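Asker: Please work out how this folds:
(one chain, ligands or ions: 2)
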Amino acid sequence: MPITYTCTMAEQASTHANDNPAPAGAKNRPDEWKIEQGLAGAKLAYLDQTGDVTTENPPAPWPEMTKDEAAIKSVGNRDELFQRERKGWKGYVEWEACPEKKAKAHKILTSQTFPPNPEYQLGPIPGTNPVLPGTHWKQWHHAIGGELSDVPENSWETVLKEKHPEMLHLLQFPYNGEPPKRLVTAKPITPNSLHFVRNHGGIPIIDEKEYYFDVNGLVADPKKFTLDDLKDESRFPRVTKKVTMQCSGTRRIEQINVYAGQGDELAQAPWAEGAIGTAEYTGISLKKVIKACGGLVNNAKHLEFYGADTYFKSGQTMNYLVSVPWSKVKANEVLLCWEMNGEPLPAIHGFPLRVMVLGYIGARSVKWLYRIKALKDPSPAPVQSKEYLYFNQQTGKHNQKPTDGIQIQEMPVSSAIMSPWTNQVVLHEGAIHCKGWAYSGGGRWPERVELSADGGFSWYAVPLDLLSAKHKWTWRTWEFALPCDVEGWIEIVCRCWDNSLNTQPLNVRAAWNWGLHVTSSAHRIKVYSINKTRPRTIEKLKAFEENDSPLAPITWPEEFTTQSPEEYKEFWEKYGPRDVDD
Ligand SMILES: Nc1nc2c(c(=O)[nH]1)N[C@H]1C(S)=C(S)[C@@H](COP(=O)(O)O)O[C@H]1N2
Ligand SMILES: [Mo]
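Answerer: Ligands and ions are numbered 1, 2, ... in the order given. Down below sits the predicted model:
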């Protein structure tokens, strides 16, 4: 029987609501049942139980859209204020060296209101691709104008040009996208077009010939470097390394599915398991560049990296700044790279030069690098000091301070199942074929991957022949036929042990945190198992076929008689009636 879907479940639900308007005088909202059941959490009042009487405080409405045109005009000509900084650097505005310019941008951003973040944590996630549009991020760029005017549109053009047509676009702008599950682990090395992308702003388009970056701050001899300088092998030995980069937001959707976090669509993009990728990078060790600048002075211990994109936070504009400790650089674990899988870096991945910090969260691997500054302390800039923090569960909106969070650097051990998918019906012959990845940060690597078909009580180790090759800085992809005798809903769980014998917490709750970072708990999927080696199942499957009745969706009731009256009668005769007489 062919199935034609005409509308989504959410659409059906809303159609029904419109069909049945509330009777006149009724106090219930049309979606009262959903609200009471927590299915429209953003509409719930909060309860204040601190007084004698409990009060209900409905959620605040978003402020009215206002715009103080005069105030904005008083800032001056935006095309002049925020004009191109450097010849051949499209979409780059320097904020960090220009406090006055920052103040003017702040005035523009605070003289008007912008639309809210879409509610996608306490309500349904849109079924579109792009999933989220990034409306206010686009509007912020347009509001600043000048060099940022057409950055959102240019960014999307670059996505269409450089990324695989099958990418799942989580956020259109700033662009955030991951490959579909079947392509995440299709190869141990991720093709460039399928590598996930995590952007906090637009994509600067930089002319290689006009490119240079500065090294300054606490170095003996501050210098500028062009790409040709770095490529001069008599000065800098070239290195090529296979590296897995993982965003600390990977698998965030599992945290969102249990409890909502802060909800900024950029900061908390609802990543699935694809915000991880592996590529072969070519470049040089940053340590040699620091040496070429005479080394660090005055007890410098950290290196701050500046990316040429513009990031907006709390009404402020800034460049993308983070830092790593010198100890990491000294160990030759921080590279400056211009090639990805044998090709020049794609624009979207940082052309012409990016930092690669081996074994750290992706956030430290700054793209479109234009400055390196040596500092005594870690970067005080917002991305380093106020984001990428790992809070404990008692810390959140109501009480958090950045210093309550651990700044995330090395990623812990993690893994994920790419096939089958949660809620999928799997017809098998006693083993469910599973595929996935496993990774550990900090230069550790997966030694063992284990799967459980019973929610994590018993575990099977994936035979080593079914794991991809071991490398210090990379993930291992794996596949395994997981023995499964039972039928019905089962929970498949995957966990990894790294070479230090670290493993993963067993439940999302154990590691849930307000920033929704580092979802490193064992990956759990619910699968409906149909084991075709069982005689009754074989028989039943024939009946499904004869009756042209589908196995999926699993929620469809069987449309045929599953037992004959004779068989039914025979059963009671043999085993006695339901209730005994004495
Ligand atoms: N300049 C700049 N560098 C950046 C970012 C950014 O937004 N701007 N995002 C960071 C984050 S959070 C991650 S996970 C990685 C993603 O790198 P990719 O887009 O090449 O996969 O880049 C990092 N470097
Ligand atoms: Mo990230």
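Asker: Now residue 351: closest residue in space that isn't a chain neighbour?
Answerer: Take residue 351 and drop its neighbours on the chain: the residue closest to it by CB to CB, 6 or more residues apart in numbering is residue 345, 4.4 Å away. Backbone N, C-alpha and C define where each C-beta goes, glycine included.
Asker: Please apply the same query to residue 463.
Answerer: residue 480 is the one closest to residue 463 (CB to CB, 6+ apart), at 7.5 Å.
Asker: who does the one you found bridge with?
Answerer: residue 434 (DSSP bridges).
Asker: What of residue 320?
Answerer: Bridge pairing for residue 320 - DSSP bridges - gives residue 307.
Asker: what about it, neighbour count?
Answerer: For residue 320, the count of nearby residues is 22 (other CB atoms under 10 Å).
Asker: Check whether residue 551 really touches residue 427, as I assumed.
Answerer: Yes: counting by CB atoms under 8 Å, residue 551 does reach residue 427; the two are 6.8 Å apart.
Asker: which residues do those two both contact?
Answerer: 530, 541 (CB atoms under 8 Å, 6 or more residues apart in numbering).
Asker: near ligand 1, which residues of the chain show up?
Answerer: 195-200, 245, 247, 307, 309, 320, 349, 362-363, 365-368 (CB under 6 Å from any ligand atom).
Asker: from those, which are also near ligand 2?
Answerer: The subset of those within reach of ligand 2, by CB under 5 Å from the ion, is 198, 247, 362-363.
Asker: tell me the pLDDT at residue 143?
Answerer: The model reports residue 143 with a pLDDT of 97.
Asker: which non-adjacent residue is nearest it?
Answerer: residue 108 (5.6 Å).
Asker: what's around the one you found, how many residues?
Answerer: Residues near residue 108, counting by other CB under 10 Å, number 24.
Asker: Just the element for it, please.
Answerer: helix 99-110 (DSSP states H and E).
Asker: What lies in contact with that helix?
Answerer: 71-72, 74-76, 78, 81-82, 93-95, 140, 143-144, 312, 315-318.
Asker: contacting residues around the closest residue to residue 94 other than its chain neighbours?
Answerer: Sequence neighbours aside, residue 85 is the residue nearest to residue 94 in space, at 4.9 Å (criterion: CB to CB, 6+ apart). Counting by CB under 8 Å, 6+ apart, residue 85 makes contact with 92-94, 147.
Asker: please redo it, this time with the cut-off set to 10 Å
Answerer: 92-94, 97-98, 147, 308, 370 (CB atoms under 10 Å, 6 or more residues apart in numbering).
Asker: before we move on, what about residue 159?
Answerer: Contacts of residue 159 (CB under 10 Å, 6+ apart): 130, 167, 169, 172-173, 175, 177, 197, 199, 203, 347-348.
Asker: hang on, it in a helix?
Answerer: Yes: assessed with DSSP: H, G, I helix; E, B strand; the rest coil, residue 159 lies in a helix.
Asker: ok so, going back, can you flag which of the ones next to ligand 2 among the residues of the chain next to ligand 1 belong to strands?
Answerer: residue 198 (DSSP state E).
Asker: Among the ones next to ligand 2 among the residues of the chain next to ligand 1, which one lies nearest to residue 450?
Answerer: Nearest to residue 450 among those, counting by CB to CB, is residue 247 at 24.4 Å.
Asker: Give the burial count for the residue nearest to residue 351, as a bare number.
Answerer: Other residues close to residue 345 by other CB under 10 Å number 23.
Asker: Just give the nearest non-adjacent residue to residue 490, would you?
Answerer: Per CB to CB, 6+ apart, closest to residue 490 is residue 529, 5.0 Å.
Asker: what about stretch 319-334, start to end distance?
Answerer: 20 Å (CA to CA, to the nearest Å).
Asker: next one: stretch 495-503
Answerer: 7 Å.
Asker: Check which residues of it are buried.
Answerer: 495-498, 502-503 (16 or more other CB atoms under 10 Å).
Asker: Stretch 232-252 too?
Answerer: Quick answer for stretch 232-252 (16+ other CB under 10 Å): 236, 241-252.
Asker: Nearest to residue 30 among the residues you listed?
Answerer: After measuring those against residue 30 - CB to CB - the closest member comes out as residue 252, at 31.5 Å.
Asker: Now do the contacts for that closest one.
Answerer: 170, 261, 268-272, 275, 515-519.
Asker: and if you look at residue 491?
Answerer: So residue 491 contacts 422, 452-457, 524-527 (CB under 10 Å, 6+ apart).
Asker: swap the cut-off to 6 Å and go again
Answerer: 455, 524, 526 (CB atoms under 6 Å, 6 or more residues apart in numbering).
Asker: Also residue 190?
Answerer: Contacts of residue 190 (CB under 6 Å, 6+ apart): 277-279.
Asker: how about those residues in JSON lines, adding secondary structure, neighbour count and distance to residue 509?
Answerer: Listed next are those as JSON lines, based on DSSP: H, G, I helix; E, B strand; the rest coil; neighbours: other CB atoms under 10 Å; distance: CB to CB, whole Å:
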{"residue": "277", "secondary structure": "strand", "neighbour count": "26", "distance to residue 509": "28"}
{"residue": "278", "secondary structure": "strand", "neighbour count": "25", "distance to residue 509": "30"}
{"residue": "279", "secondary structure": "strand", "neighbour count": "24", "distance to residue 509": "33"}
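Asker: Which single one of the residues you listed is nearest to ligand 2?
Answerer: Among the contacts of residue 190, residue 277 lies closest to ligand 2 (CB to the ion), at 11.6 Å.
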